[in-house]
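Undergrad: all I have is the shape, not the residue letters:
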């Protein structure tokens with residue numbers, strides 16, 4: 001199996017650190033925003049969670065996607081990285097129990113996991129597209 005340079009994971013590692021920093025910030029008094037009708041359907045904080053964890057998953061899967069290795073091995077990495085990203089999302093909820101003004105929220109973890117899943121689906125779609133383009 002071809003080794004992947006650690007340098008290719010630097011964006012993912014930096015994003016991981018940024019997510020850790022953001023979830024450790026104490027909740028601050030935010031100015032009251034008049035809710036729009038769609039706030040009850042699509043909560044902006046849940047979208048932020050999905051985006052943060054989708055990007056995290058993508059940044060760790062992408063170097064695997066670009067590496068030459070057996071297809072089944074790539075898919076296994078995609079799945080394991082995605083599971084790890086989802087577990088990290090759950091872990092951040094437990095970490096927030098220690099942060100003043102923050103709390104554990106199952107819905108945040110669900111949003112994290114949806115973001116992870118969306119990134120996995122996207123990269124898997126790209127993976128299948130590249131396989132189709134390589135076939136004669």
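TA: All right, it came through fine. Just so it is clear, the model here is predicted, and its values are computed rather than measured. Numbering: from 1, shown residues only.

Undergrad: wait, residue 96 touches residue 109, no?
TA: No - taking contacts as CB atoms under 8 Å, residue 96 lies outside contact range of residue 109: 10.4 Å. Where you see a C-beta, it was placed from the backbone N, CA and C, and this is true even at glycine.

Undergrad: in this structure, which residue is most central in space?
TA: Within the chain, one residue has its C-alpha closest to the average C-alpha position: by CA atoms, centre = their mean, that is residue 53, at 2.2 Å.

Undergrad: which strand or helix spans it?
TA: Assessed by DSSP states H and E, residue 53 sits inside helix 44-66.

Undergrad: over to residue 20?
TA: Counting by DSSP H and E, the secondary-structure element that holds residue 20 is helix 10-23.

Undergrad: for this protein, which element, helix or strand, carries the lowest mean pLDDT?
TA: Comparing every helix and strand of the chain by mean pLDDT, DSSP states H and E singles out helix 106-134 as the least confident one, with a mean of 89.

Undergrad: what comes up buried for that one?
TA: Going by neighbour count (16 or more other CB atoms under 10 Å), the buried part of helix 106-134 is 108-120, 123-124, 127.

Undergrad: about what we covered before: contacting residues around the residue nearest to the centre of the chain?
TA: Residue 53 makes contacts with 19, 85-86, 88-89, 111-113, 115-116, 119, as judged by CB atoms under 8 Å, 6 or more residues apart in numbering.

Undergrad: list just the nearest of these to residue 9.
TA: Within the contacts of residue 53, the smallest distance to residue 9 is 13.1 Å, found for residue 85 (CB to CB).

Undergrad: how close does the closest one sit to residue 116?
TA: Shown here: residue 85 relative to residue 116, a distance of 5 Å by CB to CB, to the nearest Å.

Undergrad: equivalent analysis for residue 73, please.
TA: Distance, residue 73 to residue 116, using CB to CB: 20 Å.
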